[in-house]
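Visitor: Return a 3D structure for these sequence lines:
(chains A and B)
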Amino acid sequence: MIGVQDFIGYYDWTFEYLRRNYGEAAVRDYWQRAISLDSQRHARDLIEAHGFDGMAEYWGHTLAMEEAGYTFDRGADYFRIDMFACPSKGHLIQRGLAAYHDYCEHCMGWIKPMMDDAGFTINHEHNHAGQCYWEMRRTDDRLAEPPPNRGPHDVRSLPPATWQQEQHHLYVNSERREMIGDT
Amino acid sequence: MSAGDFYFAINATFRFIHDTYGKDALIDYWATMAREYHAGSAARFRSGGLAEVRRYWADYFAHEPGGDVAVRLTERGVELDVRDCPAIRWLKDGGREIVPYYCEHCHTVSTAIAEQAGLIFTLEGGGGVCRQVFATNGGVA
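Guide: Presented below is the predicted three-dimensional model:
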């Protein structure tokens, strides 16, 4: 049986299987249709109905279940997650698994379509080493630059040896921003 | 995602591959996963024999959320008596439409793992209740 205890490993493997057999676009299609629209429909229902409160409820439950290292932050116009120890990426790193070339992208792959449909935009950066932040704002509340540092709980306040490791991917208003050394 | 969400994702993954690429593609996905991702398990089964098969599945089901599965080493081989499949239970309780071919993945994946390990795999039942047997080539499974 394909169970849940080693799901992360074959989730990563599945991305690579789809890429190898059907191309990169198939992986994006999978994240959108299978994960965002089908698997995670309960997250969609919560966020479409309750906005920031729905995000807090969904990720409060999910990240607690996954025993993630994270903080939440709420402002009048944003909901924010700072992930200090992603359990999913951490699982892969601990076991030396990296079938797909960019596992971290799957989060944007399924969360962005959900936020698009719910009327929110995403400001996000990840370092491919288990640290990232997510700051969701309403769609018409666009930023010119990444959001300001929110203080000690902001993952960007981590020592450079932690936050600055590996390659970063940055999204502002749900759109990818090129970074120095980006590929 | 939390643990239960992963069953939702597994079910959705099967549906996506089936509906997009067809049933043969889904079977290939399962068989390839067994050959590649589960190659280590197959190697352990080959070297450790049925005792390792029993240990693996007993530990595996002990770490899945819910369900009711007994794992025994008998004269037939290693028998997995699935009285309440944790995946089917979680999907039903979550109100999800379970793809009609969901249970076929157990047959395809475990058959491919068994073949790599020099074993024979059989499965009877489905829909949350089944009996699975891993036997040696000289067995009567």
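Visitor: hey, where'd the strands end up in the chain?
Guide: Using chain A here. A:69-75, A:78-85, A:120-126, A:132-138, A:169-172, A:175-177 (DSSP state E).
Visitor: hmm, I had chain B in mind actually
Guide: With strands called from DSSP E, chain B shows them at B:68-73, B:78-84, B:119-126, B:129-136.
Visitor: Now render the strands of chain A as CSV, adding distance to chain B.
Guide: To be clear about C-beta, it is placed using only N, CA and C from the backbone, and glycine gets the same treatment. Listed next are these as CSV, based on distance: least, C-beta to the nearest C-beta, whole Å:
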stretch, distance to chain B
strand A:69-75, 13
strand A:78-85, 14
strand A:120-126, 16
strand A:132-138, 15
strand A:169-172, 20
strand A:175-177, 23
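Visitor: Against chain A, how distant is B:G95?
Guide: In this structure, B:G95 and chain A are 9 Å apart, going by C-beta to the nearest C-beta, to the nearest Å.
Visitor: any idea of the pLDDT on that residue?
Guide: Note on B:G95: pLDDT of 96.
Visitor: Any idea what the closest residue to A:H153 other than its chain neighbours is bridged to?
Guide: Using C-beta to C-beta, 6 or more residues apart in numbering or on different chains and skipping residues adjacent in sequence, the residue nearest A:H153 is A:T71, 4.4 Å away. Beta-bridge pairing of A:T71 under DSSP bridges involves A:D82.
Visitor: Report the separation between A:C104 and chain B.
Guide: Counting by C-beta to the nearest C-beta, the gap from A:C104 to chain B is 14 Å.
Visitor: Contacts only, for the nearest residue to that residue once chain neighbours are set aside.
Guide: Leaving aside its sequence neighbours, A:C104 sits nearest to A:H126 (C-beta to C-beta, 6+ apart; 4.8 Å). A:H126 sits next to A:C104, A:C107, A:C132, A:H168, A:H169 when contact means C-beta atoms under 8 Å, 6 or more residues apart in numbering or on different chains.
Visitor: does B:W90 really touch B:P65, like I thought?
Guide: Yes: at 6.7 Å, B:W90 counts as touching B:P65 under the criterion of C-beta atoms under 8 Å.
Visitor: how far off strand A:69-75 does the longest helix along chain A point, in degrees?
Guide: Taking DSSP state H as the criterion, chain A has its longest helix at helix A:41-65. Per axes from the mean of the first three to the mean of the last three C-alpha atoms, to 10 degrees, the angle that helix A:41-65 makes with strand A:69-75 is 120 degrees.
Visitor: buried residues in helix A:41-65?
Guide: Using 16 or more other C-beta atoms under 10 Å in any protein chain shown as the test for burial, helix A:41-65 gives A:42-44, A:46-47, A:51-52, A:54-56, A:58-59, A:62-63.
Visitor: What is the burial count for B:F121?
Guide: 23 (other C-beta atoms under 10 Å in any protein chain shown).
Visitor: now B:Y37
Guide: If we define neighbours as other C-beta under 10 Å, then B:Y37 has 21 of them.
Visitor: remind me which residues of chain A are low pLDDT?
Guide: When residues are selected by pLDDT under 70, those of chain A lie in A:66, A:180-183.
Visitor: Can you pull the residues of it lying near chain B?
Guide: Within chain A, the positions lying close to chain B (C-beta under 8 Å from any C-beta of the partner chain) are A:1-5, A:7, A:9-11, A:13-14, A:17, A:21-22, A:26, A:29-30, A:33-35, A:38-40, A:42, A:61-62, A:65-66, A:88.
Visitor: Just the buried ones from these, in ChimeraX syntax?
Guide: Buried members of the residues of chain A next to chain B can be picked out in ChimeraX with the line below, counting by 16+ other C-beta under 10 Å:
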select /A:1,2,3,4,7,9,10,11,13,14,17,22,26,29,30,33,34,35,38,39,40,42,62,66,88
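Visitor: from the contacts of A:H126, which single one is nearest A:Y78?
Guide: Lowest distance from A:Y78 to those (C-beta to C-beta) belongs to A:C132, with 15.6 Å.
Visitor: Could you find the closest non-adjacent residue to the closest one?
Guide: With C-beta to C-beta, 6+ apart, the residue lying closest to A:C132 is A:H126, at 3.6 Å.
Visitor: Just grab the bridge partners of that neighbour for me.
Guide: According to DSSP bridges, the partner residues bridging A:H126 are A:C132, A:H169.
Visitor: No more questions from me, cheers.
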